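Q: heads up, no residue letters with this:
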């Protein structure tokens with residue numbers, strides 16, 4: 001008889017514990033709690049200068065220099 005009471009008591013306590021730990025969606029929705037959205041990470045858009053800007057810079061910097069290295073095709 002004692003074993004039956006102990007088993008019944010353990011079963012009831014575990015059921016109460018499971019009910020108290022279960023997330024209640026109704027209470028969270030009724031209080032109007034909203035979660036903050038995670039901030040978006042910045043997207044890397046590549047190099048800072050465009051191809052046209054790079055061409056202009058190299059033509060300006062490579063004037064009169066030997067036609068080699070980074071000045072290949074720009075050192076007139």
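A: Sure thing, it's come through. All values derive from a computational prediction rather than experimental measurement. Numbers count the residues shown, from 1 in each chain.
Q: and residue 53, what are its phi and psi?
A: With angles defined as degrees, to the nearest 10, residue 53 sits at phi -60, psi -40.
Q: What number of residues are in the vicinity of residue 62?
A: 19 (other C-beta atoms under 10 Å). (Each C-beta comes from the backbone N, C-alpha and C, glycine too.)
Q: do the same with residue 61
A: Neighbourhood size, residue 61 [other C-beta under 10 Å]: 12.
Q: Quick check: the gap between it and residue 50.
A: The gap separating residue 61 from residue 50 is 16 Å, by C-beta to C-beta, to the nearest Å.
Q: Show me what the longest helix along the chain is packed up against.
A: Secondary structure of the chain per DSSP state H: the longest helix is helix 2-21. The helices and strands touching helix 2-21, judged by 3 or more C-beta pairs under 8 Å, 6 or more residues apart in numbering; DSSP states H and E, number zero.
Q: low-confidence ranges in the chain?
A: By pLDDT under 70, the low-scoring segments of the chain are 1-3, 16, 19-32, 76.
Q: let's see it at 80
A: Along the chain, segments meeting pLDDT under 80 span 1-9, 11-33, 45-47, 65-67, 75-76.
Q: Can you get me a residue count around the closest residue to residue 49 other than its chain neighbours?
A: Using C-beta to C-beta, 6 or more residues apart in numbering and skipping residues adjacent in sequence, the residue nearest residue 49 is residue 57, 7.2 Å away. Neighbourhood size, residue 57 [other C-beta under 10 Å]: 12.
Q: Does residue 57 belong to a helix, a strand or coil?
A: Classification of residue 57 using DSSP: H, G, I helix; E, B strand; the rest coil returns helix.
Q: Thanks again, I'm all set now.
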